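> curious how this folds, go ahead:
(chains A and B)
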Amino acid sequence: MLQDRINGLARQVPVWAVWLLGLVPAVWTFYLGLTGGLGAEPIKALERELGEVALQLVILGLCITPLRRYLGVNLIRFRRAVGLLAFTYVSLHLLVWLVLDVQIWAQIWADILKRPYVTVGFTAFLMMIPLALTSNDLSLRRLGPRWRVLHRLTYAVAILAAVHFIWLSKGFQIEPLVYLAVILALLGLRWRPMRQSRRV
Amino acid sequence: MAHRWKNTLSLKDVTPESAFLNRRQLIAGAAAGVGLSLGGPRARAETQADTLTPNDWDDITTYNNYYEFGTDKGDPARNARTLTVSPWSVTIDGLVDRPGAYDFDEIMAKMTIEERLYRFRCVEAWSMVVPWNGFELADLLDLAGVQSAAKYVAFETVLRPDEMPGVRYPVLDWPYVEGLRLDEALHPLTIMATGIYGRDIPNQNGAPLRLVVPWKYGFKSIKSVVRITLTDKEPPTSWNKANAREYGFYSNVNPEVNHPRWSQASERQIGGGLFSARVPTLMFNGYGDEVAGLYAGMDLKKNF
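I've put the predicted structure just below:
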C-alpha cells in the first residue's frame, strides 16, 4: 500500500529536519532582500513572502488530520513543528511590517486599530500566541481534553489569515480567494465526522 | 496656453544611468553635487525639482502596476513585451472640432519633446522619481480643437486580450479608463509621456504614450492610451468603479486624507533597499505651488 510506504518513510524523517527545511524560505528570502534579489522594493516582497509561507504552513497543519482520517497517511508527528513554524513565520511577517515597513509607532497603532485588514491579521497573530505557548508535552498533559478545545482556535486563525489576504489585495484577485476556499474545504472535511461522532 | 511650466532641470542634470551601477559612486556623486550647488545660483534652490534624484532605469521599469499584464509588480516587465505598440493611433473624439484617429508618428512629428523630472507617488504609499520625456497634453488637445462646452477629458487604455494575459481575470472592469477635469488636463504639468531617460518608454510603463499627472496618485496616470474623449460630464474611472469608497475621481496626493486601508501620511521611496526609511508625503506630491489654485474653495476631504 502506498500510504504504508509513505508512513514508513515519514517515520525515518527526524522532526528537526522539518524545522530545518521549514526555515529555509525565511533565511533565503532575507538573504535575497539583502543582496538585491527581491527587486526594487524588497521590504514589501519580504513581508509578503513571509506572510504567504505562514498561510501555507497553517494550511499544511490543517491537512494532517484529514490525511490520516481519509487517506491513512500519518504525519501527526510533524504537526507541532508545522504549527510552530507557522507561528514563527507570522511573527517574522509582523516584525518586518513593524520594523522595516511602517516604522512609525503612531502609524502602527493607527493601522492596527483603524485598518480592518491589519486588525484582522493582528487578531490572528494574537490568537496564535496561546497555541504556540501550549505546543509542548507539558501543556498537553496539564490541559488534558481542554488542549484540543483550545487548539480549535487554529480554525479561526486560518479563516482570519485568509480574510486578511483578501482584504489587503486591490481589485478582484483570484489567489487570496483560492486560499480561503482551500481552508474552508479543509474545515468542511472536519465538520462531518465531528457531527457523526456526536450522533454515534 | 496661460503659461508653460519651466523645467529647471534637463537630462544633463540627471545622474547618468551608469552611475547607478555603483551605489557608492552615486553617493559620492551626490555629495559632490551638494558641494557644487553651495556656490551655484540661488534661484535653483527654490524649485522642488532641485532636490530630486531620479530612480534608476531598473527600478522604473521592473516595479510596475499594469494589471492588464498581471497583478504582481514584476508581471508587467515579464509579460508586456507582447504588446504591439507600432502602429498606434489615438482616437480623439467627443467635444472637439477635429475628431478622428491620430497616428502616433504624426503626433510625434508635431510635438516638442521635453524632459520632465517628476515625483511619482503611488496610492500604495511608495514613490519614485522619473525622468520622463513627453509633451504637454494641452498641445495634443490643441490638435483636435477643444470646444467650449467641454468640461472633462476621458482616457482609455488599449484592450487586447491576445496580448494582455492579465485581462483574463476580472481584477478590474476592462478596459482601464481614467479622467481629468479640463483645467487639470490643460495644466502645464500634465504631460503625455513617450520616453524615460531619453529612450522610448518601455511597454510595462505604458508604451507608446501615457498620461502623467504628477500631483495625483499614480493610477490616474493612465497607460497606453488609445482614446481621449472630451465631454461635459465627469467620466467614469476604473478604480472608482471598483471601489468608490477608496478611490475618488480627483485622487490628488494628500497626506491628510487616508485611504481606508492604509495611511497616506508617509511613503517609501523605491530604491533604498531593505532598510530604507519612510519619508513624509507632500501635499499635491510637492506640486502645491503649481496646482493648489485648481481646487480653491473645494473640500478636498470630500472630493478625495
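> verify the stated contact: residue B:178 with residue B:238.
Yes: taking contacts as C-beta atoms under 8 Å, residue B:178 lies within contact range of residue B:238: 6.8 Å. (Each C-beta comes from the backbone N, C-alpha and C, glycine too.)
> could you tell me which residues touch both of these two?
Common contacts of residue B:178 and residue B:238, defined by C-beta atoms under 8 Å, 6 or more residues apart in numbering or on different chains, comprise residue B:219.
> burial of residue 173, as a residue count?
Because you didn't say which chain, this covers chain A. Residue A:173 is flanked by 17 other residues according to other C-beta atoms under 10 Å in any protein chain shown.
> wrong one, chain B
13.
> all strands for chain B, in order.
In order along the chain, chain B carries the following strands (DSSP state E): B:89-94, B:100-103, B:114-121, B:126-136, B:152-157, B:177-181, B:191-196, B:199-200, B:210-212, B:225-231, B:266-269, B:278-280.
> looking at residue B:178 and residue B:238, which is more packed in?
Remark: of residue B:178 and residue B:238, residue B:178 carries more neighbours, 26 against 22, as counted by other C-beta under 10 Å.
> check contacts around the closest residue in space to that one that isn't next to it in sequence.
Once flanking residues are discounted, residue B:178 sits nearest to residue B:222: 4.0 Å by C-beta to C-beta, 6 or more residues apart in numbering or on different chains. When contacts are counted by C-beta under 8 Å, 6+ apart, residue B:222 touches B:155, B:156, B:157, B:176, B:177, B:178, B:206, B:210, B:211.
> most neighbours, which of those residues?
Counting neighbours by other C-beta under 10 Å, residue B:206 leads those with 28 neighbours.
> need the pLDDT of that one.
pLDDT recorded at residue B:206 is 98.
> need phi/psi at it.
phi 110, psi 30 (degrees, to the nearest 10).
> for it, list the residues it contacts.
Residues in contact with residue B:206 (C-beta under 8 Å, 6+ apart) are B:66, B:193, B:221, B:222, B:223, B:224, B:225.
> and which of those residues is nearest chain A?
Comparing those against chain A with C-beta to the nearest C-beta places residue B:66 closest, at 12.6 Å.
> I'd say that closest one and residue B:223 touch.
Yes: with contact defined as C-beta under 8 Å, residue B:66 counts as touching residue B:223 (5.9 Å).
> which neighbours do these two share?
B:205, B:206.
> list phi and psi for residue 158.
Chain wasn't specified; assuming chain A. phi -60, psi -40.
> sorry, I should have been clearer: chain B.
Per degrees, to the nearest 10, the backbone of residue B:158 is at phi -60, psi 150.
> so what pLDDT did it get?
pLDDT, read off for residue B:158, is 98.
> so what's the residue sitting nearest the centre point of chain A up against?
With distances taken as C-alpha atoms, centre = their mean, residue A:58 lies nearest the centre of chain A, 2.7 Å away. By C-beta under 8 Å, 6+ apart, the residues touching residue A:58 are A:86, A:154, A:157, A:158, A:161, A:183.
> just those residues: which are in helices?
With helices taken from DSSP state H, the overlap with the contacts of residue A:58 comprises A:86, A:154, A:157, A:158, A:161, A:183.
> of these, closest to chain B?
Nearest to chain B among these, with distances taken as C-beta to the nearest C-beta, is residue A:161, at 16.9 Å.
> how many residues are close by the residue lying closest to residue B:126 once chain neighbours are set aside?
Nearest non-adjacent residue to residue B:126, counting by C-beta to C-beta, 6+ apart: residue B:268, 5.0 Å away. Close neighbours of residue B:268, defined as other C-beta under 10 Å, add up to 22.
> ok so, going back, pull out the buried residues from the ones in helices among the contacts of residue A:58.
A:86, A:154, A:157, A:158, A:161, A:183 (16 or more other C-beta atoms under 10 Å in any protein chain shown).
> as TSV, these with distance to residue A:144 would be great.
Formatted as TSV, those follow (distance: C-beta to C-beta, whole Å):
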residue	distance to residue A:144
A:86	24
A:154	18
A:157	22
A:158	24
A:161	28
A:183	28
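> possible to save those as CSV with distance to chain B and pLDDT?
Listed next are these as CSV, based on distance: C-beta to the nearest C-beta, whole Å; pLDDT from 0 to 100:
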residue, distance to chain B, pLDDT
A:86, 24, 98
A:154, 26, 97
A:157, 21, 98
A:158, 22, 98
A:161, 17, 98
A:183, 21, 98
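> quick one: which two of those residues are the most distant?
A:86 and A:183 (12.8 Å; C-beta to C-beta).
> shaky segments in the stretch 1-150 of chain B?
B:1-50 (pLDDT under 70).
> how about the residues of it near chain A?
Taking C-beta under 8 Å from any C-beta of the partner chain as the contact definition, the stretch 1-150 of chain B meets chain A at B:55, B:58, B:59, B:62, B:63, B:67, B:71, B:73, B:74, B:124, B:126.
> residue B:126: neighbour count?
For residue B:126, using other C-beta under 10 Å, the count is 20.
> hang on, it packs against residue B:267?
Yes: in this structure residue B:126 lies within contact range of residue B:267 using C-beta under 8 Å: 6.1 Å.
> look up how far residue B:249 lies from residue B:153.
Using C-beta to C-beta, to the nearest Å, residue B:153 is found at 12 Å from residue B:249.
> more neighbours: which of these two?
Remark: of residue B:153 and residue B:249, residue B:153 carries more neighbours, 26 against 19, as counted by other C-beta under 10 Å.
> residues in contact with that one?
Neighbours of residue B:153 in contact, by C-beta under 8 Å, 6+ apart: B:137, B:141, B:179, B:180, B:181, B:182, B:185, B:228, B:229, B:230, B:231, B:235.
> export these to CSV and tack on neighbour count?
Below are the contacts of residue B:153 laid out as CSV (neighbours: other C-beta atoms under 10 Å in any protein chain shown):
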residue, neighbour count
B:137, 25
B:141, 20
B:179, 23
B:180, 25
B:181, 17
B:182, 18
B:185, 24
B:228, 24
B:229, 20
B:230, 24
B:231, 17
B:235, 20
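> buried residues in stretch B:234-252?
Within stretch B:234-252, the residues that qualify as buried are B:235, B:237-240, B:242, B:246-252, counting by 16+ other C-beta under 10 Å.
> any idea which of these is least confident?
Least confident entry in the buried residues of stretch B:234-252, by pLDDT: residue B:246, with 91.
> what number of residues lie near the nearest residue to that one once chain neighbours are set aside?
Distances taken as C-beta to C-beta, 6+ apart put residue B:260 closest to residue B:246, at 5.4 Å, once the chain neighbours are dropped. Other residues lying near residue B:260 total 12 when counted by other C-beta under 10 Å.
> wait, residue B:260 touches residue B:245, no?
Yes: under the criterion of C-beta under 8 Å, residue B:260 makes contact with residue B:245 at 6.2 Å.
> stretch A:33-51 - what's its average pLDDT?
pLDDT averaged over stretch A:33-51 gives 95.
> also stretch B:268-279?
In this model, stretch B:268-279 has an average pLDDT of 94.
> buried set for that stretch?
B:268, B:269, B:270, B:271, B:273, B:274, B:276, B:278.
> now swap in stretch B:108-118 and tell me
Buried residues in stretch B:108-118, defined by neighbour count with 16+ other C-beta under 10 Å: B:111, B:114, B:115, B:116, B:117, B:118.
> and the residue nearest to residue B:64 when sequence neighbours are not counted, how far from residue B:204?
Nearest non-adjacent residue to residue B:64, counting by C-beta to C-beta, 6+ apart: residue B:76, 4.1 Å away. As judged by C-beta to C-beta, residue B:76 and residue B:204 stand 4 Å apart.
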